[in-house]
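Q: return a 3D structure for these sequence lines:
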Amino acid sequence: MIIAVDGPTASGKGTIARALAAHFGLPHLDTGLLYRAVGYQCGLDGGNPDDPAEALAATDFPDALLAEPDLRSEATGGLASRVSVHPSVRQALYERQRAFATQPGGAVLDGRDIGTVIAPEAAAKLFVTASTEVRARRRLHEMEESGRPARYEDILADLRRRDARDTSRSEAPLAVAPGALVLDTSDLGREEAIAAAIRMVNELTGQSPCP
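A: Predicted coordinates:
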């Protein structure tokens, strides 16, 4: 069983995808981390993330880079959004994601084009979203918890820029996949959102909920 979880930054899709993987006993891949690694590697190489050739060269990053804590930073997230607009970068990472999705037994993948491009045949497709303001507050809280200084206004502006890039790019734009259920987490706590996601997957796959 393949479960595709798409949505914008800080919507809660990563938390939900990890919970779904644990609940259904499936491996999980945060595909956004791959793009963050490309953006980060591009920075290490002194490249321009807006240049297709330089961004493509950064797709040859070492696997060990995926464990780099700085991949989770706001700066790296911005770089990821910039390199992801290039069709050549998306194609370079496509096979890696596709192989993970189609492994025996299935998998849970979260990102921005899982249900539309990577695994359109997924048994369950969710689109997790939340208002931009709620997402900005969540990201601010995360950064403050980790001791990183940040301003709400800066985060909000950055999210709006990233949303615009992600939804307007010509290659695999962020969109609700056909057959996907939309889960708005704006007014939901963590456990409420996870419970709702599990119910949706059960509904989409025709499975009976666990007692």
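Q: quick one: the strands in the chain?
A: 2-6, 28-30, 107-111, 124-129, 181-184 (DSSP state E).
Q: out of these, deepest packed?
A: strand 2-6 (a mean of 29; mean count of other CB atoms under 10 Å). The way it works is simple: take the backbone N, C-alpha and C, and place the C-beta from them, glycine included.
Q: export only the CA atoms of that strand, formatted as CSV.
A: Extracted as CSV, the C-alpha positions of strand 2-6 are listed here (Å, rounded to 0.1, in the frame of the first residue of the first chain):
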residue,chain,number,x,y,z
ILE,A,2,1.4,3.4,-1.0
ILE,A,3,0.3,6.4,1.0
ALA,A,4,1.0,9.8,-0.6
VAL,A,5,1.0,12.9,1.7
ASP,A,6,1.3,16.2,0.0
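Q: pull up the pairing partners for it, direction included.
A: The pairing partners recorded for strand 2-6 under DSSP bridges are strand 107-111 (parallel), strand 124-129 (parallel).
Q: just want the most central residue of the chain.
A: Central residue of the chain (CA atoms, centre = their mean): Gly111, 2.8 Å from the mean position.
Q: excluding chain neighbours, give the residue nearest to it in space.
A: Nearest residue to Gly111, sequence neighbours excluded (CB to CB, 6 or more residues apart in numbering): Thr31, at 3.6 Å.
Q: can you tell me how far that neighbour is from Ala164?
A: Thr31 is 20 Å from Ala164, where distance means CB to CB, to the nearest Å.
Q: with Leu156 instead?
A: Taken as CB to CB, the span from Leu156 to Ala164 is 13 Å.
Q: same check on Glu203?
A: With distances taken as CB to CB, Glu203 is found 32 Å from Ala164.
Q: run a quick neighbour tally on the closest residue to Ile198 other than its chain neighbours.
A: Counting by CB to CB, 6+ apart, His23 is the residue found nearest to Ile198 once chain neighbours are left out, at 5.7 Å. When neighbours are counted by other CB atoms under 10 Å, His23 registers 17.
Q: cool, the one 4 residues further on as well?
A: With neighbours defined by other CB under 10 Å, the count for Pro27 comes to 13.
Q: do Gln103 as well
A: 12.
Q: check Arg190 too.
A: Using other CB under 10 Å, Arg190 is surrounded by 12 other residues.
Q: contacting residues for it?
A: Counting by CB atoms under 8 Å, 6 or more residues apart in numbering, Arg190 touches 12, 15.
Q: hmm, 7 Å instead?
A: Going by CB atoms under 7 Å, 6 or more residues apart in numbering, Arg190 touches Thr15.
Q: and for the one 4 residues further on?
A: The contact partners of Ile194, by CB under 7 Å, 6+ apart, come to 16, 19.
Q: next one: His86
A: 52, 55-56.
Q: which one of the residues you listed is nearest to Met143?
A: Closest to Met143 out of the contacts of His86 is Ala55 (25.7 Å), distances taken as CB to CB.
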